[in-house]
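K.L.:
What follows is a predicted protein model with its sequence.
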Amino acid sequence: MNFLSVPFACCALVLLSGAAAAQTAAPAGPAASPLSFNIALTSNYKFRGQDQDQSKTKVFKPALQGGVDYAFDSGFYLGNWNSTVNWTRYLPSNPSNHVEIDIYGGYKFNAGPLAMDVGALTYFYPGASGASTTEAYLGAGFGPLSAKYSHTVSKGYFGIGKEFLVGEGRGTGYLNLAFAQEVMPNVTLKASLGFTNLKSGANSAGLPDYLDYSVGASYDLGSGLALSGAFVGADKKPSYVYPAAVDTSGRSINKNTLVVMLTKTL
């Protein structure tokens, strides 16, 4: 297939907003309790540099998020993370969905100086099964540096392969390189760079590979409360914009945005 029809092109504008990157990496070292909970309020939920709320073009698009994690002494872990979203209605089947549910599990271990993490993550969208995606991942950390590669093992990648471009979802890859370093008491600088590698069939249909980035810091307020801020976005190479039915300004869902988040961990 060498081109997208008009209906498919509209879907392509939003499908790569994908889903949230659940916090699959539990804190290194022994925890006070194997079970932990988290809840957060963010000014704009972006995943891999792209907006997850496409019902409006304003910068302020608040989302409520939260989850639970259980870490076993053996190194295995299980978790769930959830967020409000608004993008799946632009898929061909026009599903009704406003919630993302992530389920993940894996195993952490040390390999010499490296902190390794291997596991799998499934993104569920109740009422929008065509958007659901499962990825297997492998991560490694060394001091303040970490790298993680995620590989799509499900038939679809947030709509690609199931809602359209059949056969072009499985095999999509995502590589993320990150840095996190405490620079003063309670203040941690964070930066990351990601690369989404779509299959060649998706590329030839008009969906290019792209880079995303995040640069910011977090402040530990104590008692499990943290405030963070980061500039998050993606390169301008992709032409993903809001559907004309929503907005005609041409604002990109990749647009660089200051994202502020308040998180409480129990």
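P.N.:
All right, it came through fine. Residues are numbered from 1 along each chain as shown.

K.L.:
Number of residues surrounding Asn189?
P.N.:
Let me fix one detail, which is that residue 189 is Leu and not Asn. Number of residues near Leu189 (other Cβ atoms under 10 Å) recorded here: 15. Where you see a C-beta, it was placed from the backbone N, CA and C, and this is true even at glycine.

K.L.:
A strand includes it, no?
P.N.:
Yes: under DSSP: H, G, I helix; E, B strand; the rest coil, Leu189 sits within a strand.

K.L.:
partners of it in the sheet?
P.N.:
Gln181, Ala217 (DSSP bridges).

K.L.:
same question, Ile39
P.N.:
According to DSSP bridges, beta-bridge pairing links Ile39 with Gly66, Lys264.

K.L.:
and if you look at Tyr157?
P.N.:
Here Tyr157, judged by DSSP bridges, has bridge partners Ile160.

K.L.:
Contacts only, for it.
P.N.:
Shown in contact with Tyr157 (Cβ atoms under 8 Å, 6 or more residues apart in numbering): 18, 133, 168-170, 172, 198.

K.L.:
ditto for Gly156
P.N.:
Neighbour list for Gly156: 130-133, 162-163, 169-170 [criterion: Cβ under 8 Å, 6+ apart].

K.L.:
any idea which of those residues is closest to Gly75?
P.N.:
Thr133 (25.6 Å; Cβ to Cβ).

K.L.:
mind listing what the closest one touches?
P.N.:
Neighbours of Thr133 in contact, by Cβ under 8 Å, 6+ apart: 18-19, 122-123, 152, 154, 156-158, 169.

K.L.:
follow-up on the earlier one: any chance of the contacts of Tyr157 in JSON lines, with secondary structure too?
P.N.:
Formatted as JSON lines, the contacts of Tyr157 follow (three-state DSSP):
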{"residue": "Gly18", "secondary structure": "coil"}
{"residue": "Thr133", "secondary structure": "strand"}
{"residue": "Glu168", "secondary structure": "coil"}
{"residue": "Gly169", "secondary structure": "coil"}
{"residue": "Arg170", "secondary structure": "coil"}
{"residue": "Thr172", "secondary structure": "coil"}
{"residue": "Leu198", "secondary structure": "coil"}
